[in-house]
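Student: below is the sequence, then the predicted model.
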Amino acid sequence: MKTFTLLFAAFLLMLLVWVIYRSKVKKSGYEVPSAFPTHWQKFLLNKVYFYTALSAKEKARFESTIQQFLKRIRITGIDTEVTDEDRLLVASSAVIPIFAFPKWEYDTLYEVLLYPDLFSEEFDFKGHDREISGLVGTGGAIDHVVIFSKPALWMGFDNQSDKHNVGIHEFVHLFDKQDGDLDGIPAILMENQAVLPWLHLIKSKTDDIISGKSDLNPYGAVSKVEFLAIAGEYFFERPVLLQEKHPELYKAMASIFQVDLAEQRKN
Ligand SMILES: [Zn+2]
């Protein structure tokens with residue numbers, strides 16, 4: 001009888017954990033269309049360069065990965081509405097860095113918040129001194145949250161040649177964080193024992209930035225973490241240019257994100 005009670009209690013506990021897990025992690029609350037709408041495809045063709053360069057088969061895989069993301073991750077507007085187009089830009093930003101990893105899920109992410117404008121370190125989007133366009137939450141209430149300024153997110157996709165895209169930038173941070181450490185060293189480099197060459201490369205590229213001899217975003221000189229993110233933006237937006245100007249960095253990016261994008265673009 002005692003064993004039965006214990007087993008029953010354990011069963012109830014597991015059920016509870018499962019219900020909480022489902023409600024917190026697995027549902028976005030947004031009704032995702034089961035067939036990918038044609039006007040969504042048109043929007044992606046117009047806004048997301050990465051998608052335009054894919055084969056028909058890979059486009060379909062991109063679309064279904066977007067659907068899965070939208071089913072799982074809640075997107076909430078703070079003082080701003082969230083349109084389907086906003087959702088598509090958030091989801092595209094998320095899918096691009098992990099497209100070569102079909103089994104990948106952002107399991108540390110529960111929710112994306114959209115703010116109406118740039119924000120401050122105090123999460124104020126109305127006062128003075130607001131410079132932040134995107135942020136991966138660490139610790140406390142925002143531990144599983146990514147925040148974007150909605151106009152900045154759009155700007156990243158409106159201009160597809162300036163090597164800046166805050167959407168991709170923040171999701172590269174999450175890609176980096178997946179192994180438990182946000183440190184500019186994704187797990188794949190550790191598996192391939194390629195950490196030391198990567199650190200040397202960051203050092204030499206950062207020196208070039210500091211001495212003003214580089215077209216890399218100077219923000220990359222702040223830390224290894226930011227270097228990986230700005231290099232990711234460059235790679236996904238201008239792969240051919242990155243290969244021309246920084247062949248070694250291009251090679252590192254292609255191996256981190258497991259895709260020879262420049263080759264794809266040339267074909
Ligand atoms: Zn960053």
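Tutor: Arrived safely.

Student: for the stretch 101-250 of the chain, which segments count as helices?
Tutor: 150-158, 166-177, 187-191, 195-210, 224-237, 239-245, 247-256 (DSSP state H, counting those that start in this stretch).

Student: okay, the ones you listed in TSV with mean pLDDT next?
Tutor: Listed next are those as TSV, based on pLDDT from 0 to 100:
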stretch	mean pLDDT
helix 150-158	97
helix 166-177	96
helix 187-191	82
helix 195-210	96
helix 224-237	97
helix 239-245	97
helix 247-256	96
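
Student: next, format those as CSV and append mean neighbour count.
Tutor: Yep, even glycine has a C-beta here, placed from its N, CA and C like the rest. As requested, these are exported to CSV (neighbours: other CB atoms under 10 Å):
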stretch, mean neighbour count
helix 150-158, 20
helix 166-177, 24
helix 187-191, 15
helix 195-210, 15
helix 224-237, 24
helix 239-245, 18
helix 247-256, 18
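
Student: so which of these comes closest to the ion?
Tutor: Closest of the helices of the stretch 101-250 of the chain to the ion is helix 224-237, at 4.6 Å (criterion: CB to the ion).

Student: if we can go back for a sec, save the helices of the stretch 101-250 of the chain as TSV, and put in distance to Ala94 too.
Tutor: TSV is the format used below for the helices of the stretch 101-250 of the chain (distance: least, CB to CB, whole Å):
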stretch	distance to Ala94
helix 150-158	12
helix 166-177	5
helix 187-191	18
helix 195-210	24
helix 224-237	12
helix 239-245	19
helix 247-256	17
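
Student: these into a markdown table, with extra columns for distance to the ion?
Tutor: Output for the helices of the stretch 101-250 of the chain, formatted as a markdown table (distance: least, CB to the ion, whole Å):
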| stretch | distance to the ion |
| --- | --- |
| helix 150-158 | 12 |
| helix 166-177 | 6 |
| helix 187-191 | 18 |
| helix 195-210 | 14 |
| helix 224-237 | 5 |
| helix 239-245 | 18 |
| helix 247-256 | 16 |
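
Student: dihedrals phi and psi, Gln41?
Tutor: phi -60, psi -40 (degrees, to the nearest 10).

Student: quick check: which element contains the residue lying closest to it once chain neighbours are set aside?
Tutor: Spatial nearest neighbour of Gln41, excluding adjacent residues (CB to CB, 6 or more residues apart in numbering): Glu63 at 7.2 Å. Here Glu63 sits within helix 56-72, counting by DSSP states H and E.

Student: lowest-pLDDT helix or strand in this protein?
Tutor: Every helix and strand of the chain was ranked by mean pLDDT, DSSP states H and E. The lowest is helix 2-21, at a mean of 75.

Student: identify the residues contacting that helix?
Tutor: The contact list for helix 2-21, computed with CB atoms under 8 Å, 6 or more residues apart in numbering, is empty.

Student: CA atoms only: put it into PDB for me.
Tutor: Taking Å, rounded to 0.1, in the frame of the first residue of the first chain, the C-alpha atoms of helix 2-21 are listed here in PDB:
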ATOM      1  CA  LYS A   2       2.800   2.400   1.000                       C
ATOM      2  CA  THR A   3       4.700   1.600  -2.200                       C
ATOM      3  CA  PHE A   4       1.500   2.300  -4.200                       C
ATOM      4  CA  THR A   5       1.100   5.700  -2.500                       C
ATOM      5  CA  LEU A   6       4.700   6.600  -3.100                       C
ATOM      6  CA  LEU A   7       4.400   5.600  -6.800                       C
ATOM      7  CA  PHE A   8       1.200   7.500  -7.100                       C
ATOM      8  CA  ALA A   9       2.900  10.600  -5.600                       C
ATOM      9  CA  ALA A  10       5.800  10.300  -7.900                       C
ATOM     10  CA  PHE A  11       3.500  10.000 -10.900                       C
ATOM     11  CA  LEU A  12       1.600  13.100  -9.800                       C
ATOM     12  CA  LEU A  13       4.900  15.000  -9.400                       C
ATOM     13  CA  MET A  14       6.100  13.900 -12.900                       C
ATOM     14  CA  LEU A  15       2.700  15.000 -14.300                       C
ATOM     15  CA  LEU A  16       3.000  18.400 -12.600                       C
ATOM     16  CA  VAL A  17       6.600  18.900 -13.900                       C
ATOM     17  CA  TRP A  18       5.400  17.900 -17.400                       C
ATOM     18  CA  VAL A  19       2.500  20.300 -17.300                       C
ATOM     19  CA  ILE A  20       4.700  23.200 -16.200                       C
ATOM     20  CA  TYR A  21       7.300  22.300 -18.800                       C
END
